[in-house]
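A.B. asks: give me a model of this one.
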Amino acid sequence: MKFINIKYIAALAIYGMAMTSCEDFLDKPNEDSYNANNYYKTDEQCVAGVNYLYNSPWYDYQRGFFKVGEGLSGNLYMSNSPYCTFTLNGTDSDLKNMSYSLWAVIGHSSTVYNYINGASGPSQAVKNRCMGEALVWKAMAYFYLVRSFGEVPIVHNNTNELTGAYNSKQKVWRSDVYEYIIMTLEKARELLAGVNTPTNGRVDYYSATALLAKTYWMKAGVSGSINADDMAKAAQYAKEVIDNSGRTLESDYSEIFQGHNNNCSESLIAWRWTADGNVWTAQNSLESDLGMTGMEGYSASWGDWTDPSVDLQEAFGISLLENQPDAWINNVDTRLKATMMLPGFNYSYMWRDHEIDATSHEFGFSYLKFMFDKNYNTSAPGQLNSATGSNCVKHLYGNTTDHIAEFGHSDARMSSSLSTHLLRLADIYLIYAEAVMGAAKSTNNASAIDAYYAVRSRAIKNAKRPSVITFEDIWQERRLELAMEGDRWFDYVRVSYFDPEFCVNELKAQKRNSFWGLSDSYKTYYETGVWDVSNAGYDTSAAPANPEAMMKTSPDGTNRYFFMPFPQEDVVFNANLGSNVDGVHVDVRETYSY
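C.D. replies: The predicted model follows:
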């Protein structure tokens, strides 16, 4: 859905909810067809009318999720992808799809909100809850837009604002867009007051509160220096979630990303997908892009060369050219194995119908056997199909047997029901720790340290509680905790607001290239147990990263920040969206209301 077509979403919203089938937790009634005049008459219809906002409009953002969040940040290697080489432009198909998807979410959310607001049949409590959910999704879409593109238009009501006016809509200052998100979430909190549903998969009062905390934290540096009031607000709302939501960190990190735990209480906001096959776009297709060929059994995965980067490996303390396998097999950070596959790693929750060892009767997915054992994997390639010596783990469910075991129903080609977590409690803990720190580079505040330590000690069982934490501690912890969850680039965007040189220097220093010669090393290790990398090396011939190519100078010339260009098709219709055009100031509180 293009920005220029957002005005047509009112009709599509009705069609979409009529056609979208959702998981049981979304409780969609079985109706045949609806229109605005005969829908939203009951509580059940209100709930069903919001359901599809959890999946379908977001579908075309899935590639942007990992290409922007992980590719640009240096966490993910994708060969010479423009997301890894900072050569992205407005003609990129994935850029267009992600942009159009976000505008579709905004249009659908606004339309559903308006329909429910005007409905007379449902109870006010259910209307409030459903309108609050719609506003959280609208706010989340804007949160992705402003962090990705910088200055963007504000479309408060697509029907009223864009009829005949899409070619003159102007971009708005980033600070004003953040203020609009805050205003939207404040209204969502008001509507969701008293709603706390941590394990049924729906967003609630604390979902809105958590996103509000993260928005203030993100906005705090947008002026070029850290705003103490914004950081105080971020700390306040984060603490409210930590203390009052009843949510807790999962004891086992890897469990967060497994299907049976789709609706774990640590997940504050997530895409809730369904693979029931009744509608295309309601399903999770990430395994196709991130899983190795043959992973799911439908000949529909092609993620062999979309790999955790060498730089991310080294962030976990792994150097394949120097370490012995013990360095990762017995690595103390439990997040490593849940994030990337390395030689010797086995996974009991994937390929559970495949026997790894006949003596021990161990079943599951063996990274090395998948490559080299035709008896285990009939499509074993006989070589390493990864440029970095590693493959992705998060967002994979395994095969059909695994999907049935986890969800109670089959998967399909490019289709699973695995949730995609967008905002987790661990993120809020780390936001709180940094928000308490404020503009300082370190803190000995016990509450901030407790929040940081809660996340770190979950991953590293014998981690020592520090007496002081620094910005660098939190910066690194965020990378390891949230790796491959579509968020790391936005950490760079945030810090670029007030310290662009820090971001540029770190990105330039990253190991964003590939290894050579590792396939023979892996085969030898599989066959003999000997780790020999004497004929392998790291590619130093590729040109260094140029992150400054994706930086823009603020209108007052005081600071640079990261941004992405608008899709060229939108710029052709509306020159105000061009990269060289600055935004305008809008007094959000005076201009808009819910």
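
A.B. asks: OK, contacts around residue 177?
C.D. replies: By CB atoms under 8 Å, 6 or more residues apart in numbering, residue 177 lies in contact with 142, 145, 146, 151, 152, 154. Any C-beta I mention is one placed from the backbone N, CA and C, and that applies to glycine too.

A.B. asks: in ChimeraX, how would I select just the buried ones from those?
C.D. replies: Paste this into ChimeraX to select the buried members of the contacts of residue 177, with burial taken from 16 or more other CB atoms under 10 Å:
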select :142,145,146,151,152,154
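
A.B. asks: OK, contacts around residue 546?
C.D. replies: Residue 546 makes contact with 85, 86, 508, according to CB under 8 Å, 6+ apart.

A.B. asks: mind running it again at 6 Å?
C.D. replies: Contacts were defined as CB atoms under 6 Å, 6 or more residues apart in numbering; by that measure residue 546 touches residue 86.

A.B. asks: do the one 4 residues further on as well
C.D. replies: Residue 550 makes contact with 86, 562 under the criterion CB under 6 Å, 6+ apart.

A.B. asks: make it 8 Å
C.D. replies: Residues counted as contacts of residue 550 (CB under 8 Å, 6+ apart) are 72, 86, 88, 562, 563, 564.

A.B. asks: ok, the fourth one touching residue 492?
C.D. replies: I take that to be residue 562. Yes: look at residue 562 against residue 492 with CB atoms under 8 Å: they come within range, at 6.2 Å.

A.B. asks: out of these two, which sits in the more crowded spot?
C.D. replies: Neighbours were counted for residue 562 and for residue 492 using other CB atoms under 10 Å; residue 562 has more, 26 against 21.

A.B. asks: who does the more buried one bridge with?
C.D. replies: Partner residues in beta bridges with residue 562, using DSSP bridges, are residue 551.

A.B. asks: distance check, it against residue 210.
C.D. replies: Between residue 562 and residue 210 the distance, using CB to CB, to the nearest Å, works out to 24 Å.

A.B. asks: how about residue 62?
C.D. replies: Residue 62 is 22 Å from residue 210, by CB to CB.

A.B. asks: then residue 224?
C.D. replies: Distance of residue 224 to residue 210, computed by CB to CB: 26 Å.

A.B. asks: more neighbours: which of the two?
C.D. replies: Neighbour totals were compared for residue 224 and residue 210, and residue 210 leads with 29 against 16 (other CB under 10 Å).

A.B. asks: which SS class is the more buried one?
C.D. replies: Classification of residue 210 into helix, strand or coil gives helix, according to DSSP: H, G, I helix; E, B strand; the rest coil.

A.B. asks: from residue 217, how far off is it?
C.D. replies: Between residue 210 and residue 217 the distance, using CB to CB, works out to 11 Å.

A.B. asks: go on, residue 450?
C.D. replies: Taking CB to CB as the measure, residue 450 and residue 217 are separated by 18 Å.

A.B. asks: run through this structure and note the low-pLDDT ranges.
C.D. replies: Under the criterion of pLDDT under 70, the regions of the chain flagged as low confidence span 1-37, 162-164.

A.B. asks: let's see that with 50 instead.
C.D. replies: Across the chain, the ranges flagged by pLDDT under 50 are 1, 6-12, 14-33.

A.B. asks: coming back round to it: where do the contact lists of residue 562 and residue 492 overlap?
C.D. replies: Here residue 562 and residue 492 share the contacting residues residue 503, scored by CB under 8 Å, 6+ apart.

A.B. asks: and the closest residue to residue 549 other than its chain neighbours, how many neighbours?
C.D. replies: Take residue 549 and drop its neighbours on the chain: the residue closest to it by CB to CB, 6 or more residues apart in numbering is residue 86, 4.7 Å away. By other CB under 10 Å, the residues close to residue 86 number 17.

A.B. asks: what sits against residue 86?
C.D. replies: By CB under 8 Å, 6+ apart, the residues touching residue 86 are 72, 545, 546, 547, 549, 550.

A.B. asks: ok so, going back, between residue 450 and residue 217, who's got more neighbours?
C.D. replies: Set residue 450 next to residue 217 and count neighbours by other CB under 10 Å: residue 217 wins out with 24 against 14.

A.B. asks: and the more buried one, what helix or strand is that in?
C.D. replies: Assigning secondary structure by DSSP states H and E places residue 217 in helix 205-219.

A.B. asks: show the contacting residues for the nearest residue to residue 198 once chain neighbours are set aside.
C.D. replies: The shortest distance from residue 198 to any residue other than its chain neighbours is 3.9 Å, reached at residue 265 (CB to CB, 6+ apart). Listed by CB under 8 Å, 6+ apart, the contact partners of residue 265 are 198, 199, 246, 247, 248, 425.

A.B. asks: before we move on, what about residue 87?
C.D. replies: Here residue 87 is in contact with residue 549 (criterion: CB under 8 Å, 6+ apart).

A.B. asks: any idea how far the residue of the chain most remote from its centre lies from residue 376?
C.D. replies: The outermost residue of the chain, judged against the average C-alpha position, is residue 359 (40.4 Å), by CA atoms, centre = their mean. Residue 359 sits 14 Å away from residue 376, going by CB to CB.

A.B. asks: how about residue 56?
C.D. replies: Relative to residue 376, residue 56 is positioned 37 Å away (criterion: CB to CB).

A.B. asks: these two: who's more crowded?
C.D. replies: For residue 56 versus residue 376, the count of surrounding residues by other CB under 10 Å is larger for residue 56: 26 against 17.

A.B. asks: so what's the nearest residue to the more buried one once chain neighbours are set aside up against?
C.D. replies: Leaving aside its chain neighbours, residue 56 sits nearest to residue 281 (4.4 Å; criterion: CB to CB, 6+ apart). Residue 281 sits next to 55, 56, 57, 59, 60 when contact means CB under 8 Å, 6+ apart.

A.B. asks: right, and the third one touches residue 108 too?
C.D. replies: Yes: with contact defined as CB under 8 Å, residue 57 counts as touching residue 108 (4.9 Å).

A.B. asks: in ChimeraX, select just the buried ones from the contacts of residue 265.
C.D. replies: In ChimeraX, a selection of the buried entries from the contacts of residue 265 looks like this (16+ other CB under 10 Å):
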select :198,247,425
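
A.B. asks: how about the contacts of residue 265 in CSV, adding secondary structure?
C.D. replies: What follows is the contacts of residue 265, written out as CSV (three-state DSSP):
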residue, secondary structure
198, coil
199, coil
246, coil
247, coil
248, coil
425, helix
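
A.B. asks: residue 386: which of the contacts of residue 265 is nearest?
C.D. replies: Proximity of these to residue 386, judged by CB to CB, is greatest for residue 425, which lies at 31.5 Å.

A.B. asks: hang on, the closest one packs against residue 243?
C.D. replies: No: taking contacts as CB under 8 Å, residue 425 lies outside contact range of residue 243: 11.9 Å.
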